[in-house]
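# Sequence below, structure please.
(4 chains)
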Protein chains: 2
Amino acid sequence: MTPSAQSTQPRRSDATRAAILRAARERFAADGYERATIRAIAADAQIDPSMVMRYYGSKEGLFAAAAEFDLRLPDLTSVPPAQLGEVLVRHFLARWEGDETLVALLRAASTNPGAAERMRGIFADQLTAAVATFGTDPALTARRAGLVASQVLGLAFTRYIVRLPPMVDTAPEELVAWIAPTLQRYLTGTPPS
Amino acid sequence: MTPSAQSTQPRRSDATRAAILRAARERFAADGYERATIRAIAADAQIDPSMVMRYYGSKEGLFAAAAEFDLRLPDLTSVPPAQLGEVLVRHFLARWEGDETLVALLRAASTNPGAAERMRGIFADQLTAAVATFGTDPALTARRAGLVASQVLGLAFTRYIVRLPPMVDTAPEELVAWIAPTLQRYLTGTPPS
DNA sequence: ATTGCATGTCAACATCCGTTGGCCTACGGT
DNA sequence: ACCGTAGGCCAACGGATGTTGACATGCAAT
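Residues are numbered from 1 along each chain as shown, chains lettered A, B, ... in the order given. Next up, the predicted model:
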């Protein structure tokens, strides 16, 4: 422990590590897991492919590091219950437009089992936990969270992956207006008979 | 034209072609486009990889043949307007469970541009056409169809690809009950301000 | 100044992939 | 019975990919 008494002293290669991670996220988001090659990522980051192996061990390890993600869901207990749906869609849409990590994860989850597992974790843990904070019936929270995930992921899939023209061209605010009632019902609606 | 006067006389290799196509659909559905190798498909069909090339030209050509698909949407004009949503979810769910072609297309669409293009065609053409048969405002039909696609594809993505536990465990009838009102509103609901 | 270690480069290996061309076999029309 | 041709198999090529190891370089502590 030489200069600063931090638990992890800053390494000289941090810039390189960050460049690799940034390039990896771009490539994974644009091409998916298998088409995104280590060589292409290294070229983008202007370093040698072997550095990727040194710092992240393997392609799987690189993806695991690049796909680290937090939904950053707001505290739903401080949201008026009638606006839960609207708040959620707006949050997801903003989170998706601002960070390509989720697109990378979404693309990779279709073919890579590890990515699917990670996606399952994110939505089963973070989203379910958020729904549980205000839910009444614990037996239904998982199902409500799953339904919300189905609509939110469907929105992302059609807008960012398949790029269905109507979903790409529609303004975010209009999407929010259409989809918010759906999430609202999934979250607080009475379950069907 | 020996026996029957059909325009395309049956070839002796039809059984092989069908075996290849069946194996291809399975592999594409299970592994996605890039992980599904021609060698593995040929092994499943118990033939030589070169036969795939002879009959389908290339891997792209094989996929194009294996991903041929028709949604077989029912005639929506003969459906009571209040039940449009329910009829549609039920139809999609049945179509998805009964034919793995759609799963193959869905998986491949994440990474393969051609598959995404095909998916765009299916939903932009077939679904939009079906919605247009009863729609009142032509300017809105594309958007309504896109919203329906977002929920339906999200359902498929979470249930068959990511395999989110709540979406996998829930019975089809209960999913129909939850999701039908969503499609109903996307199809016939009044647009937001 | 010298040593040690992190950083980076270069070349190569082993494997797998899509694809190709040559060759054998057996059916079907004559 | 004969022969053309379609069906099928085998071996190989060219290229790409993940991964590895040996070797250079430069910073930092002694």
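
# From what I see, residue A:104 and residue A:22 are in contact.
No: with contacts counted by C-beta atoms under 8 Å, residue A:104 stays clear of residue A:22, the gap being 11.4 Å. In short, each C-beta sits where N, CA and C put it, glycine included.

# the more surrounded of those two?
Neighbours were counted for residue A:104 and for residue A:22 using other C-beta atoms under 10 Å in any protein chain shown; residue A:104 has more, 26 against 15.

# What are the phi and psi values at the more buried one?
Backbone torsions for residue A:104, taken as degrees, to the nearest 10, come to phi -60, psi -50.

# Contact partners for it?
Residue A:104 is in contact with A:25, A:28-29, A:66-67, counting by C-beta atoms under 8 Å, 6 or more residues apart in numbering or on different chains.

# Let's see that with 6 Å instead.
Residues in contact with residue A:104, defined by C-beta atoms under 6 Å, 6 or more residues apart in numbering or on different chains, are A:25, A:28-29.

# who wins for most neighbours among the residues you listed?
Neighbours here are counted as other C-beta under 10 Å. On that basis the top member of these is residue A:28, with 26 neighbours.

# Disregarding residues adjacent in the polypeptide, which is nearest to the residue nearest the centre of chain A?
The structure's chain A has its C-alpha centroid closest to residue A:102; by C-alpha atoms, centre = their mean the separation is 3.2 Å. Closest residue to residue A:102 apart from its sequence neighbours, by C-beta to C-beta, 6 or more residues apart in numbering or on different chains: residue A:96 at 5.5 Å.

# helices or strands next to the longest helix belonging to chain A in the packing?
The longest helix of chain A (DSSP state H) is helix A:14-35. Helix A:14-35 makes packing contacts with helix A:38-44, helix A:59-66, helix A:101-109 when contacts are defined by 3 or more C-beta pairs under 6 Å, 6 or more residues apart in numbering or on different chains; DSSP states H and E.

# Give me the buried stretch members for the second one, please.
Pointing back at helix A:59-66 there. Judged by neighbour count (16 or more other C-beta atoms under 10 Å in any protein chain shown), helix A:59-66 contains these buried residues: A:59, A:62-63, A:65-66.

# How about exporting the helix or strand just after it as CSV, limited to the C-alpha atoms?
Moving toward the C-terminus from helix A:59-66, the next helix or strand (DSSP states H and E) is helix A:84-98. Below are the C-alpha coordinates for helix A:84-98, written out as CSV (Å, rounded to 0.1, in the frame of the first residue of the first chain):
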residue,chain,number,x,y,z
LEU,A,84,-46.7,3.4,-11.3
GLY,A,85,-47.1,2.3,-14.9
GLU,A,86,-46.2,5.7,-16.3
VAL,A,87,-43.1,6.1,-14.1
LEU,A,88,-41.9,2.6,-15.0
VAL,A,89,-42.2,2.9,-18.8
ARG,A,90,-40.5,6.3,-18.8
HIS,A,91,-37.7,5.0,-16.6
PHE,A,92,-37.1,1.9,-18.8
LEU,A,93,-37.2,3.9,-22.0
ALA,A,94,-34.7,6.4,-20.6
ARG,A,95,-32.5,3.7,-19.3
TRP,A,96,-32.5,1.9,-22.7
GLU,A,97,-31.8,5.0,-24.8
GLY,A,98,-29.0,6.1,-22.5
